[in-house]
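Colleague: have a look; sequence and predicted model below, questions after that.
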Amino acid sequence: MQAIYLIRVGELALKGDNRSFFEKKLKQNIRKNLGVKGCRVLNRQGRFYVEAPEEHAPQVERALAHTFGIVSYSRASRVQKDMQVIRRTAMKLIQELYPQRQEPLSFKIEARRTDKSFPLNSYQIACDLGDLLREEFSFLRVDVHRPELKIFIEIREEAFLYGGLKAGLGGLPVGSAGRGMLMLSGGIDSPVAGYMMAKRGLKLDFIYFHTYPYTSEEALDKVKHLSEILGTYCNGGTLFVVPFTEVQLEINRKVKPEEITLVMRAAMVKIAAMAAESRGAGALITGEALSQVASQTIQSISFTGSATELPIFRPLIGLDKEEIIRLAREIETFETSILPYDDCCTIFSSEHPLLRPDRRYMWKLWEEIGIEELLAEAFHKSQGFYVDPMEGISEHSS
Ligand code: ATP
Ligand code: MG
């Protein structure tokens, strides 16, 4: 038997001439997320369907629940265009959705007939099925204005019945807005920031600055795992692991303790911009939130942001920590993020970092310490990992 899913898309339907581009991306992304053979993704008259062998139904549901651009989806039944069959199917649908239900439930039938040769019109179909279901299931009450359950019937090349919408993630298909490089630290914030930008259609790659042995192998494992979790939402990506120890030690030697964090941040931004260029990414993404720590004041962000010409997206800038944590739990990165391994920022930061750096002073200092070559070298030595949305992470072949 084939399982059929009907998919509703939201904002992407509003994109005018670009619509077919968005639809194509969405189809590609669903296919990639399915990762199983024998499934078909169809797009007919503005409706998306997935058809899959019954045994793959769980993978299909998982894929649809992880694909940006999908507002909701429903398991549908496709049957003959025969009122007897349609009636039986509608009853089965209610039984499956509410096997034990006693308390009242309001419902409405939404019928649509594109095949005008079908003997009943939409209104007649709705009345016929509405009456039948009310008689058969004593808990059902008709409410055409604010029903708790909508049962949809569509009479097209065949008849489709479905109810019980499951919520999708919304947003736009990953890749429809170009590419971004996520600075992924292993903390709570940056994975959430990456998720938010992928939701707006960015295809992500990830970059992590590894200060071994000051930060442990476990810290790196944590980042790898976070990129795997993010990869399930954004069709995988590439993780760059940059050996940052030499850069960090050179900075520590050459600047005052209170300047270390900011100079280190600027160095990270510059290397991330190199990685972005190598992947054709047009923006960097960080998990910064205004005033969360010393390096996230207006003056600090203004300095580190001026280390690149690329725009830096900071989707968490106006969120409280509590809100970020709620999101991290929702996207299932929280438990990994809170594993207790130090990051370089805490190890090397001074007790009294600069809060209001002067940009001109900082860039003059930057010129004096002359670490640009070291940065290029660190990027050159970075290790690439391929993140597959289904299989997880593996070392890059190239
Ligand atoms: P997070 O929870 O994401 O670690 P944070 O609140 O700890 O953020 P900072 O440590 O100041 O904030 O880092 C700010 C941002 O800089 C991070 O959100 C991340 O995008 C980037 N960043 C910091 N450290 C690293 C690192 N080692 N590798 C890659 N990016 C980093
Ligand atoms: Mg951090």
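Modeller: Structure's in. What do you need? Ligands and ions are numbered 1, 2, ... in the order given.

Colleague: not counting its neighbours along the chain, what's nearest the residue of the stretch 101-250 of the chain found nearest ligand 1?
Modeller: Across the stretch 101-250 of the chain, the shortest distance to ligand 1 (C-beta to the nearest ligand atom) belongs to G187, at 2.2 Å. Bear in mind the C-beta positions are built from the backbone N, C-alpha and C, glycine included. Distances taken as C-beta to C-beta, 6 or more residues apart in numbering place S337 nearest to G187, at 6.0 Å, with adjacent residues excluded.

Colleague: so how far is G186 from the one you found?
Modeller: S337 sits 7 Å away from G186, taking C-beta to C-beta, to the nearest Å as the criterion.

Colleague: just T308 next, same as before
Modeller: 22 Å.

Colleague: looking at these two, which is more packed in?
Modeller: G186 (25 against 19; other C-beta atoms under 10 Å).

Colleague: quick one: is the helix or strand containing L374 near ligand 1?
Modeller: L374 belongs to helix 372-380 when assigned by DSSP states H and E. No. Helix 372-380 lies apart from ligand 1 when judged by C-beta under 6 Å from any ligand atom; the minimum separation is 12.0 Å.

Colleague: how about A283, phi and psi?
Modeller: Dihedral pair for A283: phi -160, psi 150, per degrees, to the nearest 10.

Colleague: brain fart, S77
Modeller: Torsion angles, degrees, to the nearest 10, at S77: phi -110, psi 140.

Colleague: the one 10 residues further on too?
Modeller: R87 has phi and psi values of phi -60, psi -50 when expressed as degrees, to the nearest 10.

Colleague: list the contacts for it?
Modeller: Contacts for R87 (C-beta atoms under 8 Å, 6 or more residues apart in numbering) come out as 128-129, 132.

Colleague: out of these, which end up buried?
Modeller: By neighbour count, with 16 or more other C-beta atoms under 10 Å, the contacts of R87 hold 128-129, 132 as buried.

Colleague: identify, from the residues you listed, the entry nearest to A294.
Modeller: Ranked by distance to A294 (C-beta to C-beta), the buried ones among the contacts of R87 are led by L129 at 63.7 Å.

Colleague: wait, a helix at that closest one?
Modeller: Yes. Counting by DSSP: H, G, I helix; E, B strand; the rest coil, L129 is located in a helix.

Colleague: surely it meets I151?
Modeller: Yes. Here L129 lies in contact with I151, judged by C-beta atoms under 8 Å, at a distance of 7.2 Å.

Colleague: tell me, what's touching those two both at once?
Modeller: With C-beta under 8 Å, 6+ apart, L129 and I151 have common neighbours 90, 109.

Colleague: for the strand or helix carrying Q28, packing partners?
Modeller: Element membership for Q28, per DSSP H and E: helix 19-34. When contacts are defined as 3 or more C-beta pairs under 8 Å, 6 or more residues apart in numbering; DSSP states H and E, helix 19-34 packs onto strand 2-9, strand 40-44, strand 47-53, helix 57-65.
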